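# Provided below for reference: sequence and predicted model.
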Amino acid sequence: MTELHPRIAFLTDLLGLRPPEGGSERSLTELLLGRLEKKCQRLRDELPGLTFSASEATIARACSIPKWRLLIHELAEPTCFTRFPSGRWSVADVLPAAVDVDSIEVPLNDGQRLYARHFAMRLAKALALEQPAAHDLAARLYGAESWLALVGNIPFLAPDEPLYTYRKTDPGTDARAALHSSTGCVRLAAELTALTYLAHPDARAHAARHVLTRRPDFLTAARIAVDALIEQGADQEALDCANRTLRAVSRTIPPASSSLDASSAANIEYFRLRCARIIALRQLAKFDNADDEKVELVAELVAAGAPGEALATQWLAEYRPAQALWPQATTFL
């Protein structure tokens, strides 16, 4: 099988759509078409009186394409799975519609649920359905009894609920501490990661900054946005974005508190965002500021018992010139 575009490969794995090992593009096309035809049949079963052609048109629109015939044509294109075309429809828009509970564990995980929600929203638009009826219908098209059965109970995150809490890792010594993510924060981070992973930097920055307008203290969103902005050469925007979130998160950390260690996912996001700020400072030729920031970062890690120099070097090395995934592209999600 020709190598899939990395973004397509990630989504097929996430959504349980990979064909057997050694399968061809044709086998993936046949898998998707079989799943979509099953959705058409289930839709006719759910909505008696819906014609064959109307069911096909509805599923096509739920794949962000206006006609079934055009959908078939696009899936037959030789480069359908190996490219992510600039500024237009891609096979990625089909994948959420092809999910089936026979090949994926339920309840869905956070990333899978995000794409199931995308399918449900497109289905609602195609049929002019209100919620929650459209979500329940989407779940039944997947083969589940209901939306609740498909996705399970979703942790609620109140608008004013803190994303992180500060706790001492070892209360007896006061030497180390950690930021602990709330269950709602963990959900948001998983969804945003699934939405942006290996996507075009324009799309990553747009999605992450949209989240930051509501939660400026969201470390994962800031790190994704700053990484993408650096990749685009928007270094001042990257620096400003990192500074806003680091200021917001600093309100969670008590003054004269124990040093954060590298023991939690939130701590690592925090340190990686600080590394991104160092990169942005270097790109802006503010070398003294960047060096001072690195010295401070290493000292904090060492004070918490971590190999500060090694970790900082590792995180800073992640910022290499962009791979040629997106040459001259303006593709969005």
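Cool, the structure landed.
# Which parts of the stretch 1-150 of the chain are helices?
In the stretch 1-150 of the chain, the segments counted as helices under DSSP state H, counting those that start in this stretch are 6-14, 25-46, 52-62, 68-75, 110-127, 133-142, 147-151.
# just these: most buried one?
Among these, helix 133-142 has the highest mean neighbour count (mean count of other Cβ atoms under 10 Å), at a mean of 22. All C-beta spots, glycine's among them, are computed from the backbone N, C-alpha and C.
# taking the mean pLDDT, what do you get for it?
Summarised as a single mean, pLDDT over helix 133-142 is 97.
# circling back to that earlier point, want to throw the helices of the stretch 1-150 of the chain into CSV with distance to Ser181?
Rendered in CSV, the data for the helices of the stretch 1-150 of the chain read as follows (distance: least, Cβ to Cβ, whole Å):
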stretch, distance to Ser181
helix 6-14, 21
helix 25-46, 34
helix 52-62, 33
helix 68-75, 39
helix 110-127, 13
helix 133-142, 26
helix 147-151, 20
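# Give me the contact list for the host helix or strand of Asn267.
With elements taken from DSSP states H and E, the one containing Asn267 is helix 265-283. The list of residues contacting helix 265-283 from outside it, by Cβ atoms under 8 Å, 6 or more residues apart in numbering, reads 164, 178-181, 185, 189, 219-220, 222-223, 226-227, 230, 233, 235-236, 238-239, 242-243, 245-246, 249, 260-262, 287, 289-290, 293-294, 297, 301, 311-312, 315-316, 318-319.
# hmm, back to that, nearest to Ala158, of the helices of the stretch 1-150 of the chain?
helix 110-127 (18.0 Å; Cβ to Cβ).
# and the closest one, what other elements does it pack with?
When contacts are defined as 3 or more Cβ pairs under 8 Å, 6 or more residues apart in numbering; DSSP states H and E, helix 110-127 sits against helix 6-14, helix 52-62, helix 133-142, helix 147-151, helix 183-196.
# Mark out where each domain of this protein begins and ends.
The chain breaks down into these structural domains: 6-151, 164-317 (assignment by automatic domain parsing).
# Is it possible to get CSV of those domains that adds distance to Ala158?
Converted to CSV, the domains of the chain look like this (distance: least, Cβ to Cβ, whole Å):
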stretch, distance to Ala158
domain 6-151, 18
domain 164-317, 8
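# Select, out of those domains, the one closest to Leu157.
Go through the domains of the chain one by one with Cβ to Cβ and the one that ends up closest to Leu157 is domain 164-317, at 2.8 Å.
# Of the contacts of helix 265-283, which belong to strands?
Using DSSP state E, the subset of the contacts of helix 265-283 located in strands is Tyr164, Ala178, Leu179, His180, Ser181, Leu260.
# for those, which one is nearest Leu50?
Distance to Leu50 across the ones in strands among the contacts of helix 265-283 (Cβ to Cβ) is lowest for Ser181, with 44.0 Å.
# Minimum pLDDT in the ones in strands among the contacts of helix 265-283, which residue is that?
Of all the ones in strands among the contacts of helix 265-283, Leu260 carries the smallest pLDDT score, 87.
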